[in-house]
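> Need coordinates for the following:
(chains A and B)
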Amino acid sequence: MIHSLFLINCSGDIFLEKHWKSVVSQSVCDYFFEAQEKAIDVENVPPVISTPHHYLISIYRDKIFFVSVIQTEVPPLFVIEFLHRVADTFQDYFGECSETAIKDNVVIVYELLEEMLDNGFPLATESNILKELIKPPTILRSVVNSITGSSNVGDTLPTGQLSNIPWRRAGVKYTNNEAYFDVVEEIDAIIDKSGSTVFAEIQGVIDSCIKLSGMPDLSLSFMNPRLLDDVSFHPCIRFKRWESERVLSFIPPDGNFRLISYRVSSQNLVAIPVYVKHMISFKENSSSGRFDVTIGPKQNMGKTVEGVVMTVHMPKAVLNMNLTATQGSYTFDPVTKVLTWDVGKITPQKLPNLKGIVNLQSGAPKPEENPSLNIQFKIQQLAISGLKVNRLDMYGEKYKPFKGVKYITKAGKFQVRT
Amino acid sequence: MSSEASIYNRPSVLDCFRSSGNSWFQKRNLKQMLESSKDSAKLDAMKRIVGMIAKGKNASELFPAVVKNVASKNIEIKKLVYVYLMRYAEEQQDLALLSISTFQRALKDPNQLIRASALRVLSSIRVPIIVPIMMLAIKEASSDLSPYVRKNAAHAIQKLYSLDPEQKEMLIEVIEKLLKDRSTLVAGSVVMAFEEVCPDRIDLIHKNYRKLCNLLVDVEEWGQVVIIHMLTRYARTQFVSPWKDDEVVEEYSENNFYESDEEQKEKDRKVKNIYTMDPDHRLLLRNTKPLLQSRNAAVVMAVAQLYWHLAPKSEASIVSKSLVRLLHSNREVQYIVLQNIATMSIQRKGMFEPYLKSFYVRSTDPTMIKTLKLEILTNLANEANISTLLREFQTYVKSQDKQFAAATIQAIGRCATNITEVTDTCLNGLVCLLSNRDEIVVAESVVVIKKLLQTQPAHHGEIIKHMAKLLDNITVPVARASILWLIGEYCERVPKIAPDVLRKTAKSFTTEDDLVKLQILNLGAKLYLTNSKQTKLLTQYVLNLGKYDQSYDIRDRTRFIRQLIVPNEKSGALSKYAKKIFLAQKPAPLLESPFKDRDHFQLGTLSHTLNSRATGYLELSNWPEVAPDPSVRNVDVAESTKEWTGILGMTKKEKPTEKFYSESEEEEDESTNTSSSSRCLESNLHLHCLENCIFRTKTHELLHRMSGKGLAAHYHFSRQPGIFGDHMVSVQVTVTNTTDQKIENIHIKEKKLPPGMRVHEFNPIECLEPAESITVSMGIDFCDSTQMASFQLCTKDDHFNVNIQPPVGELLLPVTMSEKDFKKESLSDLNILYKVIRENCTWL
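Numbers count the residues shown, from 1 in each chain, chains lettered A, B, ... in the order given. The predicted structure follows:
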């Protein structure tokens, strides 16, 4: 399946290579560089490239290209999903998935890749199992290891590998037993010129951080489970139980993981928490234009909208912008033509406004279209879909865990057309 | 975190990233470190070497020094040596042989992880000489007790096969054996090996088909993908097509999304009258459905393609919701999923129509995603949604991403040809775009208008005139060529303009693009034929220019046209027909989706993504006309009874089903439909179970014959009303003499009982002959507690301490009562009890 893996940074250096079968020369990456050049920006590099003898399947994560070499037919998603899992594991082990982190920990990276794939077929991808085989680097452990000469490589088979709950490691012990759930909802929306919603949808996830001793068996129930239209589960969840009772019942992995992700269908009306008033115009035959944007919260929310950031990709003809913001600060990058306005918290008494003059290239035709506004925001303590966790029960263990649920609503791909 | 992390690693690893100059010194240094007696030095050296390998630097000179450490006690050194060996053994085969004996020893290690990793390295080092050793190791590992080692054996099969394809037959035997394995850990890997080594040996799957279907949910996610793809191919060879009655099924598919399950069932029953699905086929569909909820995009896609290729058309639509969910994922996943949706939406629009808005384009999407979304939107367009779509397209046309704007115009053109109601609207819209400032947009509009006009040329003189005017300003060759072609084709409709256009273009002929030159020649020829009075000289001038053009294409075309239109003695009969040839009615171009021809590849495959056959692509066969014998999938009776005795619940799944029972009735009234033979089998089975579960109650050991010096005793709870009184639980004790002498006077003595507990002893057994056994009953009052009753079992010369502890269930008394009484009682006590039991159950 997966023959080789090359990690390539933005400037085109191959800084790590790993082969699971015979060695494939680095020169195979030339086809990738060729495609990269053609694509102009990184976003447009095709994930699947065909070369005379190999196929290259790549992903782009955190400024690194993960380029895998394939020789025979394989479902492309299989490879893509796996590469993302590799990146997730690096993130999990080193706290960030960056070139320096990988270079600094090259031995652990190599050991990880060795365990994750055998002959190109995934062997162990669960973080709980990997952590038993290869301990994540910590300062304490490296000091202890250098004194005692012990290693951070496990010498017995992780118990999870053989049990039917491979995601949980055995013998977990904590002095403080805690279970936290973050319900994070993102609003994907397209708002048209006149302010009406063209498309809106809520994508949610429940991320968990579970630090419980022993083998706890949890069940999480909702006040209104019918809201969840389409759900995907972590393998630990008992599907039958969900089908029949709409209760999430599971023996959790240890540590951080994504419990479910769900979609609240667009049939339900999605409340859009902010509105935008905009006036962007470019004058014919003159090298200037006007820009005036106001953001306000919708009345019915009751919670403050914070962390508001607006980014706008201005047309190419824009040279510079002279704006004044009543709140927050703005930057305009004349090279990439990106305007960013960091608004912060919105208070309904004084609506933030950004107003001023746009300088256009003289002689260039006036831009055809007004740019669309991408908006980010955050609302704490609110799940916009109205989803509520009812209760969390624990069976199988005697202690009383500390439980907590946090709700956050964020803007996903939230776009206002002007 | 990373800065903390690297404290230990940094000096060693970063060194080798920095140093490039003094590599000779470095290598000598490393060699010394590897030969030192300290593990820490060795480890440090190995880490540096791995750093070199990672960077792609050559470290093969160190092979002799490294290979010595293969037997190191330090597990980390050992692992790094393994990494090194896998990388360089192929290049240094002779030296690599030194390490083989270590692996052979490790293969016998009691630690399964060590056995497995030894097998992994042994099979990964690609040294042809050790093929027989590998074969032996694989065979041994395939019957290892640890499923983890067996999984590694399955992986090793592929490695050996790629090293030496001649071992195929032997390997197939191992695959056959491992396919029978019941461990979920092994299933994915062995199917992978099967796909690689012998994908055509479908016969190996038959017996394991149902097992694989049932295990599927518990297999790890990567294995699921491989198994689902294999089963898709398998099912296409073994079952008849469920699509035969397309029309009947199609009717229902309309409002499929809003139906409850019951309606669905009813529908199935209706369809069934016409076509009956093999229960095994149904089993596959039913067991893969939950996997649509997987977090792994590859699994969801695999199930989606399985439903697409195998399910009745009315059922395939359940996958669309999950596929749309994947669109929230990262760019690469979106790209592949959208491609597959594009192919699906061409054939079955209905599947994705409810999700139309999910494919709306955002200005921040990468261009490749935008184009794919646009493609799907175009496929989904119909009379009902076209007006919304066209409004949406209007936004896209103005996009700053001009490549995408051009694609939108193409899309509008396709909508216009497909939906006749909006053709005029679209055409007007496109004409408006002609005054757009952007050249690419205008050019693309011209091209699309040309195609549209061709489909209905009757009354569009005005548009053609408008376009003729544009010719002065447009510089994009394709657009210019299109306009010229249009004018030439319909020159009779614009008799005044056409010659003038030719005049203008003749002037600029030499500076035009080749594409435009060809069209100028074309225009000239057509005008020469229709309006030779005005244009004869002009055409000849153009033809002369063409004759001396640099491009041989144009010279060639010029010669051809001249021969055809200008009659001379050499030109044959053809020139008589010149007018017919040039001005023949041309068929309108079909505006088709570029995804039209992808559907012959299995969805979700690399070949589908690339739209060309990838190496190793396995063709999906067509449905057979007549289903092959379904009984091949039946598991042997002898084999299966063994399983039945173990797990009662398994009977339903493993039972040999006959082809003609329907899926919906399968669960409830199986006996009515089964053939006599299988009914017979089933009744056998029931008897078997009864014997096991009811007549053989659980026996506990009281005294083992070893500790009892030949006297053995067992007891069980007879569950009959106590003969010694209401509070006594009756216990049957079976005493056996396993010695070769008589045992005399067996009785009970020295009871050590908790307060309140009483025992009714059995009558002393006077004499027990060798190999004889006798059953006596006694009564014990446990006072409703589960405390032990301890006493001594005595013979004539000896005494043994024994004890009996009752399980809770044995303390309960059977009570018969009328329904009325029951209700009265249950309202109070039993309700509470019931609750308690239920809570207990959820704990378990």
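
> following the longest helix seen in chain A, which helix or strand comes up?
Secondary structure of chain A per DSSP state H: the longest helix is helix A:76-94. Once the chain leaves helix A:76-94, the next helix or strand it forms, by DSSP states H and E, is helix A:99-104.

> so what does that following helix touch, helix or strand wise?
Helices and strands touching helix A:99-104, by 3 or more CB pairs under 8 Å, 6 or more residues apart in numbering or on different chains; DSSP states H and E, are strand A:2-9, strand A:14-19, helix A:76-94, helix B:2-18. (Each C-beta comes from the backbone N, C-alpha and C, glycine too.)

> swap the cut-off to 6 Å and go again
The contact analysis (3 or more CB pairs under 6 Å, 6 or more residues apart in numbering or on different chains; DSSP states H and E) places helix A:99-104 against helix B:2-18.

> any idea which helix or strand comes after the helix it packs on?
Scanning forward in sequence from helix B:2-18 by DSSP H and E, the next helix or strand is helix B:23-35.

> and stretch B:473-481, anywhere near chain A?
No. Stretch B:473-481 stays clear of chain A (CB under 6 Å from any CB of the partner chain), getting no nearer than 13.2 Å.

> Would you mark the buried spots in that stretch?
Buried residues in stretch B:473-481, counted by 16 or more other CB atoms under 10 Å in any protein chain shown: B:Ile474, B:Val476, B:Pro477, B:Val478, B:Ala479, B:Arg480, B:Ala481.

> Can you tell me what sits against the helix or strand containing the fifth one?
Right, the one you point to is B:Ala479. In the assignment (DSSP H and E), B:Ala479 maps to helix B:477-489. With contact meaning CB atoms under 6 Å, 6 or more residues apart in numbering or on different chains, helix B:477-489 is reached by B:443, B:446-447, B:450, B:464, B:467-468, B:471, B:474, B:498, B:501, B:513, B:515-516, B:519, B:522-523, B:526.

> could you point out which element follows it?
helix B:497-508.

> what's the angle between that following helix and helix B:477-489?
In terms of direction (axes from the mean of the first three to the mean of the last three CA atoms, to 10 degrees), helix B:497-508 departs from helix B:477-489 by 140 degrees.

> mind checking the SS state of A:Lys173?
What DSSP: H, G, I helix; E, B strand; the rest coil gives for A:Lys173 is coil.

> State the distance from it to A:Asp217.
Counting by CB to CB, to the nearest Å, the gap from A:Lys173 to A:Asp217 is 17 Å.

> Give the buried subset of the contacts of helix B:477-489 as a ChimeraX selection command.
Applied in ChimeraX, the following selects the buried portion of those according to 16+ other CB under 10 Å:
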select /B:443,446,447,450,464,467,468,471,474,498,501,516,519,522,523,526
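
> picking up where we left off before, just name the closest of the buried residues of stretch B:473-481 to chain A, please.
B:Ile474 (15.5 Å; CB to the nearest CB).

> Am I right that that closest one sits in a helix?
No. Going by three-state DSSP, the assignment for B:Ile474 is coil, not a helix.

> Return the distance of it relative to B:Arg437.
Distance check for B:Ile474 against B:Arg437: by CB to CB, it reads 12 Å.

> do A:Gly386 as well
Distance, A:Gly386 to B:Arg437, using CB to CB: 47 Å.

> Have a look at the two and say which one is more surrounded.
Shown here are A:Gly386 and B:Arg437; by other CB atoms under 10 Å in any protein chain shown, A:Gly386 has more neighbours (14 against 10).

> Check which helix or strand that one maps to.
When secondary structure is defined by DSSP H and E, A:Gly386 falls outside every helix and strand.

> check contacts around it.
Listed by CB under 6 Å, 6+ apart, the contact set of A:Gly386 is empty.

> do B:Gly413 as well
Per CB under 6 Å, 6+ apart, neighbours of B:Gly413: B:Val448, B:Leu591.

> what mean pLDDT does stretch A:91-98 have?
What stretch A:91-98 shows for mean pLDDT is 88.

> same check, this time on stretch A:23-43
88.

> again, but for stretch A:180-194
Across stretch A:180-194, the per-residue pLDDT values average to 91.

> Check stretch A:47-62 too.
Computed over stretch A:47-62, the average pLDDT equals 91.

> Same check on stretch B:377-395?
Average pLDDT, stretch B:377-395: 89.

> Out of the buried residues of stretch B:473-481, flag the one nearest to B:Val121.
Nearest to B:Val121, judged by CB to CB, of the buried residues of stretch B:473-481 is B:Val478 at 59.1 Å.

> Before we move on, what's the pLDDT of that closest one?
83.

> same question, B:Gly21
At B:Gly21, pLDDT is 47.

> How is chain A divided into domains?
A:1-146, A:176-268+A:381-414, A:273-378 (the TED database).

> want to throw the ones you listed into CSV with distance to B:Glu61?
As requested, these are exported to CSV (distance: least, CB to CB, whole Å):
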stretch, distance to B:Glu61
domain A:1-146, 16
domain A:176-268+A:381-414, 43
domain A:273-378, 48
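
> Ok, which of those domains comes nearest B:Asn745?
Among the domains of chain A, the nearest to B:Asn745 by CB to CB is domain A:176-268+A:381-414 (49.7 Å).

> Kindly report the residues of the stretch 251-400 of chain A close to chain B.
So the stretch 251-400 of chain A meets chain B at A:Arg263, A:Pro315, A:Pro365, A:Glu368, A:Glu369, A:Ser372, A:Tyr395 (CB under 6 Å from any CB).

> what do you get if the cut-off is 8 Å, keeping everything else the same?
A:258, A:261, A:263, A:266, A:313, A:315-316, A:365, A:367-369, A:371-372, A:374, A:395-396 (CB under 8 Å from any CB of the partner chain).

> Any of those residues buried? List them.
Buried among these (16+ other CB under 10 Å): A:258, A:261, A:263, A:266, A:313, A:315, A:367-369, A:371-372, A:374, A:395.

> where are the low-confidence patches of chain B?
Within chain B, the segments meeting pLDDT under 70 span B:1-24, B:244-274, B:456-459, B:569-572, B:636-697, B:720-726, B:812-844.

> Quick one: the strands in chain B, in order.
B:700-703, B:711-717, B:729-737, B:743-752, B:758-760, B:765-768, B:773-781, B:789-794, B:799-804 (DSSP state E).

> Next: the stretch 301-418 of chain A.
Listed in chain order, the strands of the stretch 301-418 of chain A (DSSP state E, counting those that start in this stretch) span residues A:306-313, A:318-325, A:329-333, A:338-344, A:353-360, A:373-380, A:389-395, A:402-416.

> Present those as TSV; the columns should include distance to B:Lys68 and mean pLDDT.
As requested, those are arranged in TSV below (distance: least, CB to CB, whole Å; pLDDT from 0 to 100):
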stretch	distance to B:Lys68	mean pLDDT
strand A:306-313	59	91
strand A:318-325	67	89
strand A:329-333	58	91
strand A:338-344	58	92
strand A:353-360	70	89
strand A:373-380	58	92
strand A:389-395	53	90
strand A:402-416	53	91
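
> now the residue nearest to A:Gly404 when sequence neighbours are not counted, what's its secondary structure?
Spatial nearest neighbour of A:Gly404, excluding adjacent residues (CB to CB, 6 or more residues apart in numbering or on different chains): A:Tyr180 at 4.7 Å. The assignment at A:Tyr180 comes out as strand when based on three-state DSSP.

> Who is A:Glu178 paired with across the strands?
Note on A:Glu178: beta-bridge partners by DSSP bridges are A:Lys211, A:Phe402.

> Report the contact partners of it.
Counting by CB atoms under 8 Å, 6 or more residues apart in numbering or on different chains, A:Glu178 makes contact with A:Cys209, A:Ile210, A:Lys211, A:Leu212, A:Pro401, A:Phe402, A:Lys403, A:Gly404.

> I'd like the residues you listed as JSON lines, with neighbour count appended.
What follows is those, written out as JSON lines (neighbours: other CB atoms under 10 Å in any protein chain shown):
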{"residue": "A:Cys209", "neighbour count": "14"}
{"residue": "A:Ile210", "neighbour count": "23"}
{"residue": "A:Lys211", "neighbour count": "19"}
{"residue": "A:Leu212", "neighbour count": "23"}
{"residue": "A:Pro401", "neighbour count": "19"}
{"residue": "A:Phe402", "neighbour count": "12"}
{"residue": "A:Lys403", "neighbour count": "17"}
{"residue": "A:Gly404", "neighbour count": "12"}
